[in-house]
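A.B. asks: attaching a predicted model along with its sequence, questions to come.
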Amino acid sequence: MKAIISLFRRNRHAGESVVFGTLGAALLVYSLYSHYQVDVAWKLSPYLFPVFISILFILVSVSMFLQGLKTGEEPRQNEEGKESFRKVAGFIGLVIVYYILLPYLGFLITDTLMLFFFLLYLGVRPWWKGMIFSVSLTIIIYVVFQVLLNVRLPQGMF
């Protein structure tokens with residue numbers, strides 16, 4: 001156990017690689033389980049893309065872990081780690097809010113607001129540039145998916 005803790009202290013990317021690997025493994029298990037529940041060919045399965053994404057997550061986690069071992073970097077300072085954790089927690093919080101609001105407000109409103117808040121969180125200034133970008137990107141996504149590809153996007157209550 002002490003050897004594992006020592007390895008994680010010496011490897012700057014160990015924590016991130018474990019998170020990516022765990023997410024990838026969980027998504028892979030969920031996708032495979034769900035695919036075999038619907039009993040459809042792989043080429044028509046809605047779970048094919050999540051399987052590819054989960055494999056990509058697992059490969060990225062292994063790559064990050066090995067990169068951290070090669071570089072032999074010094075462990076992060078405690079304050080830097082706390083600040084990084086706060087940033088990640090903020091993004092996760094915004095994604096959870098997006099997920100909760102999407103069925104109620106619909107794609108257009110929720111996507112525009114969340115893109116705007118993501119850009120503000122990243123420090124895009126002035127705020128009106130972030131709003132223009134958010135509205136423009138939402139319209140482009142809507143036209144490509146809803147109009148051109150006929151993919152139904154959540155409409156919400158409005």
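C.D. replies: In hand now; what should we look at?
A.B. asks: three-state assignment of residue 124?
C.D. replies: Recorded secondary structure, residue 124: coil (DSSP: H, G, I helix; E, B strand; the rest coil).
A.B. asks: so how far is the helix or strand containing residue 112 off the chain centroid?
C.D. replies: Using DSSP states H and E, residue 112 sits within helix 78-122. Using Cα atoms, centre = their mean, to the nearest Å, the mean C-alpha position of helix 78-122 is found 11 Å from that of the whole chain.
A.B. asks: stretch 60-72 too?
C.D. replies: Stretch 60-72 has its C-alpha centroid displaced from the chain centroid by 20 Å (Cα atoms, centre = their mean).
A.B. asks: only alpha carbons, please: show that stretch as CSV.
C.D. replies: What follows is stretch 60-72, C-alpha atoms only, in CSV (Å, rounded to 0.1, in the frame of the first residue of the first chain):
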residue,chain,number,x,y,z
VAL,A,60,-5.9,8.6,-22.3
SER,A,61,-5.7,7.5,-18.7
VAL,A,62,-2.9,5.0,-19.4
SER,A,63,-1.0,7.6,-21.5
MET,A,64,-1.3,10.2,-18.7
PHE,A,65,-0.1,7.8,-16.1
LEU,A,66,2.9,6.8,-18.2
GLN,A,67,3.7,10.4,-19.1
GLY,A,68,3.7,11.2,-15.4
LEU,A,69,6.1,8.4,-14.7
LYS,A,70,8.5,9.4,-17.5
THR,A,71,8.7,13.1,-16.6
GLY,A,72,9.5,12.4,-13.0
